[in-house]
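Engineer: Got a predicted structure here, sequence first:
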Amino acid sequence: MSVARFPRSNSLRKAATVVLALGVDNASKVYKYLHQEEIEQLTKEIATLQNLSSESVESTMDEFYNLCMAQKFITEGGIEYARAVLEKAIGSTNAANVIEKVSRSLQTKAFQFIYKVDPRHLLSLIQNEHPQTIALILSYCTSEQASAILSELPREVQLDVVERIATMDSTSPDIVKEVERLVEHKLSMGEALGTTQIGGVKYMAEVLNTIDRGTEKYILEELGKKDPKLAEEIRNKMVVFEDIVNLEPIHIQRFLQEVDPSDLLIALKGVGKEIADVFYQNMSMRMRETIEEESKYIHGVKLSDVEEAQQKLVTIARKLDEAGEIIIARGWGDEIIV
């Protein structure tokens with residue numbers, strides 16, 4: 001694949017500008033801290049820079065300086081201290097922009113830890129921590145890693161952690177930093193660590209989609225007793241309307257037997273021709289005629305109506321899957337016994 005197909009990153013251009021402005025000696029010191037891929041990307045970008053105006057260089061260097069100072073202030077006194085100092089120096093609007101960029105960069109750094117960590121090592125590291133701490137760390141894992149760890153936790157802890165991840169929205173950078181310090185301390189004693197993306201209902205659904213069915217069933221049933229609404233939200237995110245077209249034709253046909261043609265017509269308004277054709281190819285002639293007739297009178301459907309209709313059909317598919325009448329493929333892959 002040609003590199004030319006990728007759009008040039010504004011951030012990469014700014015980084016190249018900073019390196020050029022630093023001069024050869026200082027730039028060589030910066031390169032020592034970069035990965036090979038980063039070195040290659042930055043070098044290519046530097047090679048393409050031409051005729052930079054002094055105003056452009058000055059603006060980029062000012063931004064770089066503010067980001068460096070924000071990083072320093074956050075390290076010394078936390079995010080609120082950094083915000084207060086920067087607001088006095090560069091104004092509230094500029095300070096907010098700088099703080100947002102630095103916060104994103106701090107989160108991105110956390111992403112680097114987890115990818116090389118074996119889930120079994122991470123499990124040994126966190127299994128005795130408080131469920132809230134476990135939930136926070138798992139929210140920074142890939143869904144595959146989180147599912148592997150979650151399935152090995154004690155049943156009562158599983159449920160607590162799932163509930164905490166699913167209801168997690170945002171966490172103070174200071175708290176995340178403190179948890180990272182905890183893990184780094186254990187790492188220094190020869191143990192392993194990790195962190196990456198944050199949780200929520202959608203993320204918890206991805207985790208359960210890759211976990212074994214026995215654990216999935218237990219978690220959703222028990223969570224349903226404690227918080228039926230949350231359990232239902234997670235279930236609804238585990239299967240999306242587009243997943244239905246990946247069923248075996250015989251299962252799509254079984255699914256369509258339970259579907260109201262009017263709901264299907266509305267639901268299909270929100271998908272492309274390729275997906276719609278799969279349904280048309282598997283429906284009865286009678287259903288097809290009904291939908292084609294009704295479609296003559298239905299125009300200008302609201303997105304909310306499309307989403308509601310799709311959710312109705314997803315609920316039908318999920319219930320048929322739970323009853324064993326159709327099989328919806330999971331991320332980890334089911335073994336089909338013939």
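Structural biologist: That came in fine, so what should we check first? On a predicted model such as this, the values are computed, not experimentally measured, just so you know.
Engineer: What count of nearby residues applies to residue 222?
Structural biologist: Residues lying near residue 222 (other Cβ atoms under 10 Å) number 16. The C-beta positions use only the backbone N, C-alpha and C, and glycine is treated the same way.
Engineer: Which residue, other than its chain neighbours, is closest to it?
Structural biologist: Using Cβ to Cβ, 6 or more residues apart in numbering and skipping the chain neighbours, the partner closest in space to residue 222 is residue 159 (5.0 Å).
Engineer: quick one: residue 303 from residue 244, how far?
Structural biologist: Distance, residue 303 to residue 244, using Cβ to Cβ, to the nearest Å: 19 Å.
Engineer: picking up where we left off before, hmm, the residue nearest to residue 222 is touching residue 223, no?
Structural biologist: Yes. Residue 159 lies in contact with residue 223 (Cβ atoms under 8 Å); the separation is 6.1 Å.
Engineer: quick one on the thing from earlier: more neighbours, residue 303 and residue 244?
Structural biologist: residue 244 (24 against 9).
Engineer: can I assume that one is in contact with residue 315?
Structural biologist: No. In this structure, residue 244 is not within contact of residue 315 by Cβ under 8 Å, at 11.5 Å.
Engineer: For the nearest residue to residue 284 once chain neighbours are set aside, list the residues it contacts.
Structural biologist: Nearest residue to residue 284, sequence neighbours excluded (Cβ to Cβ, 6+ apart): residue 256, at 7.5 Å. Listed by Cβ atoms under 8 Å, 6 or more residues apart in numbering, the contact partners of residue 256 are 264, 279, 282-284, 287.
Engineer: so which strand or helix has residue 60?
Structural biologist: Taking DSSP states H and E as the criterion, residue 60 maps to helix 54-77.
Engineer: on contacts alone, who are the packing partners of that helix?
Structural biologist: helix 10-22, helix 79-90, helix 92-114 (3 or more Cβ pairs under 8 Å, 6 or more residues apart in numbering; DSSP states H and E).
Engineer: just how off-centre is that helix within its chain?
Structural biologist: Its chain's C-alpha centre and that of helix 54-77 lie 29 Å apart, by Cα atoms, centre = their mean, to the nearest Å.
Engineer: what do you get for stretch 23-32?
Structural biologist: So, by Cα atoms, centre = their mean, the centroid of stretch 23-32 is 35 Å from its chain's centroid.
Engineer: Same question for stretch 247-262.
Structural biologist: 30 Å.
Engineer: what does stretch 85-94 give?
Structural biologist: Distance of stretch 85-94 from the chain centroid (Cα atoms, centre = their mean) equals 32 Å.
Engineer: what is the rounded mean pLDDT of it?
Structural biologist: For stretch 85-94, mean pLDDT is 75.
Engineer: same thing with stretch 99-118?
Structural biologist: Averaging pLDDT along stretch 99-118 gives 61.
Engineer: domains of the protein?
Structural biologist: Domain segmentation of the chain under automatic domain parsing yields 3-107, 115-232, 239-322.
Engineer: Tabulate these (TSV), appending distance to residue 328.
Structural biologist: TSV is the format used below for the domains of the chain (distance: least, Cβ to Cβ, whole Å):
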stretch	distance to residue 328
domain 3-107	33
domain 115-232	10
domain 239-322	5
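Engineer: and among these, the most buried is which?
Structural biologist: Of the domains of the chain, the one with the most neighbours on average (mean count of other Cβ atoms under 10 Å) is domain 115-232, at a mean of 18.
Engineer: Could you say whether residue 290 sits in a helix, a strand or coil?
Structural biologist: What DSSP: H, G, I helix; E, B strand; the rest coil gives for residue 290 is helix.
Engineer: wait, what's in contact with the residue lying closest to it once chain neighbours are set aside?
Structural biologist: In this structure, residue 290 finds its nearest non-sequential neighbour in residue 261, 4.5 Å apart by Cβ to Cβ, 6+ apart. Residues in contact with residue 261 (Cβ under 8 Å, 6+ apart) are 287, 290-291, 294.
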